[in-house]
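Participant: The following comprises the amino acid sequence and a computationally predicted model.
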Amino acid sequence: MAGTKNRYVNTFFWDDAYIETLCSDGKLLFLYLITTPHTNVAGSFEITPRKIFNHTDIAIDKVVGLLQKFELDGKIIYRDNWIFIINTIGHQSWEVTNISKGIAFVLMASPKWVM
């Protein structure tokens with residue numbers, strides 16, 4: 001399929017202490033956020049609760065509540081339908097020039113609060 005991107009999820013995702021504490025919808029939502037077609041090397045992208053519902057079938061009010069929980073837990077920042085996943089950049093290979101350039105490009109196109 002043209003325009004698709006591969007996202008690789010470490011199998012240790014399921015053994016992560018934080019992930020283990022989440023309800024089923026929380027686990028699905030967190031996995032969705034790191035694998036959605038909207039995500040990128042910086043983990044900074046625009047997405048609405050309705051779009052998340054359309055992809056996951058998690059009720060919109062539950063999506064909003066879980067996003068608030070993730071924010072309180074220091075995992076994301078979510079403002080005005082824009083999300084920043086806190087640790088995404090730290091999981092990238094900075095020594096690869098194209099990845100560093102890609103991160104810079106995404107951050108430049110993100111809202112100022114992401115910086």
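Facilitator: That came through fine.
Participant: show me what contacts the spatially most central residue of the chain?
Facilitator: Geometric centre of the chain, nearest residue: Leu33, 3.6 Å, by Cα atoms, centre = their mean. Leu33 makes contacts with 39, 76, 83, 85, as judged by Cβ atoms under 8 Å, 6 or more residues apart in numbering. All C-beta atoms are positioned from the backbone trio N, CA, C, and that covers glycine.
Participant: a strand runs through the first one, doesn't it?
Facilitator: No: in this structure, Thr39 is coil, not part of a strand, as judged by DSSP: H, G, I helix; E, B strand; the rest coil.
Participant: Next one, pLDDT for it please.
Facilitator: Thr39 is assigned a predicted lDDT (pLDDT) of 82.
Participant: what are the phi and psi angles of Glu46?
Facilitator: Here is the backbone geometry of Glu46 (degrees, to the nearest 10): phi -90, psi 130.
Participant: That one: neighbour count?
Facilitator: By other Cβ atoms under 10 Å, the residues close to Glu46 number 13.
Participant: gap between the nearest residue to it once chain neighbours are set aside and Val41?
Facilitator: Nearest non-adjacent residue to Glu46, counting by Cβ to Cβ, 6 or more residues apart in numbering: Trp82, 5.1 Å away. To Val41, Trp82 is 16 Å away according to Cβ to Cβ, to the nearest Å.
Participant: neighbour-wise, which of these two wins?
Facilitator: Val41 (22 against 16).
Participant: I'd say Asp73 and Ala17 touch.
Facilitator: No: assessed by Cβ atoms under 8 Å, Asp73 is found out of contact with Ala17, at 11.5 Å.
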